[in-house]
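Undergrad: Sequence plus the predicted model coming up.
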Amino acid sequence: AQSVTQLGSHVSVSEGALVLLRCNYSSSVPPYLFWYVQYPNQGLQLLLKYTSAATLVKGINGFEAEFKKSETSFHLTKPSAHMSDAAEYFCAVSVSGTYKYIFGTGTRLKVLA
Amino acid sequence: ETGVTQSPTHLIKTRGQQVTLRCSSQSGHNTVSWYQQALGQGPQFIFQYYREEENGRGNFPPRFSGLQFPNYSSELNVNALELDDSALYLCASSLGDRGGYTFGSGTRLTVV
């Protein structure tokens, strides 16, 4: 069975600082991994996805994530936070690209001026 | 190309009533999934439809049912509404297996 753990329900960073949002997964088969962002009162927007190609995945808005099989991790990073990055971020795992996703509980990112 | 559109955006229903939520998938997408997102939680998988057939279901009771139409649009029906059904309901569509889903903006259902 697949599962996702997001460490830290709330993360605060200063504007311009490094953003690091943690995601660890559990999967009995090679996983597909995703990061989504959700702004208040909106749906989910795909930031990036890992589908067994390159382990370092670049996404939109300057975000990237690295798949580390040995650590079962898929942490999301951005070198320099912007005020517009304040949102909730969800990590998700799937056994394929479109079968059901198992989502983490989310990390709310706050960016301080 | 158009994205995934859901209607209505907000809905208030009384406990015991029935509700139908609608989703138009992104053009050409043949797979639709529905998710329930309770306040402060991650989305939970309800079920998936592929070419008008249900091909996967999460841990939701039978009073949650769905349909997918020949144009790949979809409906989510919930009977005998309970207070705990209050949530954001998200529809997501995809074409093929590797691309990942495109999510709609959701329908906010409040049961009173």
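TA: Looks like it came in fine. Residues are numbered from 1 along each chain as shown, chains lettered A, B, ... in the order given.

Undergrad: Could you use CA atoms for every contact and neighbour count after this?
TA: Will do.

Undergrad: Which parts of chain B are strands?
TA: Taking DSSP state E, the strands of chain B run over residues B:5-7, B:10-13, B:19-24, B:31-37, B:44-50, B:53-57, B:64-68, B:74-78, B:87-94, B:102-103, B:107-111.

Undergrad: okay, now the nearest residue to B:Tyr49 once chain neighbours are set aside: neighbour count?
TA: Take B:Tyr49 and drop its neighbours on the chain: the residue closest to it by CA to CA, 6 or more residues apart in numbering or on different chains is B:Val32, 5.2 Å away. Using other CA atoms under 10 Å in any protein chain shown, the number of residues around B:Val32 comes to 33.

Undergrad: Show the pLDDT at B:Val32.
TA: At B:Val32, the model reports a pLDDT of 92.

Undergrad: Is it correct that it is in contact with B:Tyr50?
TA: Yes - between B:Val32 and B:Tyr50 there is a contact under CA atoms under 8 Å: 6.6 Å.

Undergrad: In chain B, what residue comes closest to chain A?
TA: Of the residues in chain B, the one nearest chain A is B:Ser105, at a distance of 3.8 Å by CA to the nearest CA.

Undergrad: my read: that residue touches B:Leu90, true?
TA: Yes - with contact defined as CA under 8 Å, B:Ser105 counts as touching B:Leu90 (6.8 Å).

Undergrad: Mind listing the shared neighbours of the two?
TA: Shared contacts of B:Ser105 and B:Leu90 (CA atoms under 8 Å, 6 or more residues apart in numbering or on different chains): A:Gly43.
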